[in-house]
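Q: Could you look at this predicted model? Sequence included:
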Amino acid sequence: MKLVIVGTGYVGLVSGLCFAEFGYETVCVDKDEKRIETLKNGECPFYEPGLQDLLTKHTKDTKLLSLTSSIGEAMSGAKVVFITVGTPTKRLEDEADLSYVYKVAEEIAVNIKDYCLVVTKSTVPVGTTREINTILSAKIDKNKFDTVSNPEFLREGSAINDFMRPDRIVIGCDSSKAEIIMRELYRPLYLLETPIVATTIESAEIIKYASNSFLATKIAFINEVADLCESVGGNVQDVAKAMGLDKRIGPKFLHAGPGFGGSCFPKDVKAFTATAKKLNINLSIIDAVNYSNQRRPEQIVSKISKRFNDKVKGKTFAVLGLSFKPNTNDVRDSTSMIIAESLYNKEAIIKAYDPQAMINAKNKLPQLIFCTSVTEACKDVDAIIIATEWNEFRALDLKELKKHMKSKIIFDLRNIYNKDELINQQFEYYGIGK
Ligand code: NAD
């Protein structure tokens, strides 16, 4: 079975390489010719653990994965075509921008020769896959294709494992022929007893947004509980632990912090409510989650600022971690970046360091001072802000760092240190919700 993946970003490249790992002939397409060149030269255009090895394996050894910038060239003989392009938030609106998805659908439409499936893997609002069907139907015979919604749940930082061992596979379609092909495609995972949820196209599209919004709700919820803990001397980590031991709640996504960021949750939460609003449905809980999360980085900045009597002008901060989470170099909607920028705008001096995201961060916020190590970043600073919980920051040589800091203050926005231990080491310590 030959597969084509249109959009070779985080989702497209990981999916393409994992499908090649299953043994399928796969072609990854991207309109960004530079990206295709980089990949053809054997280089991964972004950081994702394990991806470089898979790229080398399937472009050089098995040759199961090929790369092109031409959809027409890729489509010949394809049985399944995945759309994996971006669906960012529209400018000045909360809705998802579907122009990339529809553009790809138009291009696929003029290149279908034999029957194939056109599958939306991008996260798209309910109704989008039907619209793709309409676009295709305007150009080609309806017997030549079926449309399917197959949302992706991988997480950056553990994307390969998530793709190879997902909690479930969702297949939304209304043709049994399409469902059989999709089940065959995912047979390697079915053999590992991965549950497959076959449903309608609409349900499949909603499952993705509802899942992300629910996880976002857990984060926003515990962040607000953390504020309460902080004001009364409670400890949110104890609260979350005890809550999480209740099997109906579960421990995951109950880590208080600076708010959720990244390329998915913020945009998906917004798009979910925007879609519902257009249909006169009020997703008031998700609206509240969005509102709560948008305020969060500013609340953190005021907390930091308050410690300096609201005079951060001229103060120097080491911001450790710029990616939106560890093990990725993705800084899209990263709360670490929002906090660093906000402090900079208040005329603080920001010395930034991240193990992988320096280039992306520099492209977005060139005004920061970028350091090559934790030691360099923490030298002569008034405070350290641990913004992303990279493993590298979990065991800092604080005794050594302390010697070179102006003041011994740590804002641990990810609660990775023990408050008492740091106080014993003469640090002034501020965690979240404790
Ligand atoms: P990305 O920005 O990393 O990649 C998108 C790619 O599509 C880019 O390389 C871009 O050049 C390419 N592209 C755009 N228009 C094109 C066209 N006309 N032809 C060919 N290529 C084109 O995006 P991503 O993070 O991989 O996300 C893709 C989709 O998957 C989004 O809808 C996202 O919400 C969803 N998703 C993302 C993740 C994640 O962790 N990143 C997880 C699950 C789902």
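A: Here it is on my side, so go on. Every value quoted in this text rests on a predicted model; they were computed, and no experiment measured them.
Q: Centre of the chain to the one helix or strand Asn293 maps to, how far?
A: Using DSSP states H and E, Asn293 maps to helix 284-307. Distance of helix 284-307 from its chain centroid, counting by CA atoms, centre = their mean, to the nearest Å, is 19 Å.
Q: How about stretch 153-162?
A: Here stretch 153-162 is found 9 Å from its chain centre; the criterion is CA atoms, centre = their mean.
Q: Buried residues, that stretch. List them.
A: Buried residues in stretch 153-162, counted by 16 or more other CB atoms under 10 Å: Phe153, Leu154, Glu156, Gly157, Ser158, Ala159, Ile160, Asp162. Placement of C-beta: from N, CA and C, glycine included.
Q: Then stretch 45-58?
A: Neighbour-count burial for stretch 45-58 flags Pro45, Phe46, Tyr47, Glu48, Leu51, Leu54, Leu55, Lys57, His58 (criterion: 16+ other CB under 10 Å).
Q: Could I get the full set of strands for the chain?
A: Taking DSSP state E to define them, one finds strands in the chain at 2-6, 25-29, 65-68, 80-83, 116-120, 145-149, 169-172, 196-199, 316-320, 349-353, 369-370, 383-386, 409-412, 428-430.
Q: quick one: average pLDDT of the first one?
A: The predicted model gives strand 2-6 an average pLDDT of 98.
Q: Give me the pLDDT for the residue of the chain at minimum distance from the ligand.
A: The minimum distance from the chain to the ligand, using CB to the nearest ligand atom, falls at Gly9 (1.8 Å). Each residue has a pLDDT score; the one for Gly9 is 98.
Q: how about the buried residues of stretch 45-58 in CSV, adding distance to Lys144 and pLDDT?
A: Output for the buried residues of stretch 45-58, formatted as CSV (distance: CB to CB, whole Å; pLDDT from 0 to 100):
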residue, distance to Lys144, pLDDT
Pro45, 33, 96
Phe46, 35, 97
Tyr47, 39, 96
Glu48, 35, 97
Leu51, 34, 98
Leu54, 32, 98
Leu55, 32, 98
Lys57, 34, 98
His58, 29, 98
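Q: so where is the stretch 1-150 of the chain shaky, pLDDT-wise?
A: Across the stretch 1-150 of the chain, nothing is flagged by pLDDT under 70.
Q: Around the ligand, pick out the residues from it.
A: Within the stretch 1-150 of the chain, the positions near the ligand by CB under 6 Å from any ligand atom are 6-12, 29-32, 35, 84-87, 100, 103-104, 122-123.
Q: Take the residues you listed and keep only those in helices.
A: Under the assignment DSSP state H, those contribute Tyr10, Val11, Gly12, Arg35, Tyr100, Lys103, Val104 to helices.
Q: Whichever of those residues end up buried, select them in PyMOL.
A: To isolate the buried ones among these in PyMOL, judged by 16+ other CB under 10 Å, type:
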select buried, resi 10+11+12+35+100+104
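Q: Is it possible to get the ones in helices among the residues of the stretch 1-150 of the chain next to the ligand out as JSON lines so that each row also shows distance to Glu205?
A: Putting these into JSON lines (distance: CB to CB, whole Å) gives the following:
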{"residue": "Tyr10", "distance to Glu205": "20"}
{"residue": "Val11", "distance to Glu205": "15"}
{"residue": "Gly12", "distance to Glu205": "19"}
{"residue": "Arg35", "distance to Glu205": "27"}
{"residue": "Tyr100", "distance to Glu205": "16"}
{"residue": "Lys103", "distance to Glu205": "19"}
{"residue": "Val104", "distance to Glu205": "17"}
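Q: For stretch 248-267, what does the pLDDT average out to?
A: Mean predicted lDDT for stretch 248-267 stands at 98.
Q: Distance from that stretch to the middle of the chain?
A: 11 Å.
Q: From the contact counts, what lies against the helix holding Asn293?
A: For helix 284-307, the elements it packs on are helix 201-232, helix 265-278, helix 335-345, strand 383-386, strand 409-412, strand 428-430, judged by 3 or more CB pairs under 8 Å, 6 or more residues apart in numbering; DSSP states H and E.
Q: Alright, I will stop here.
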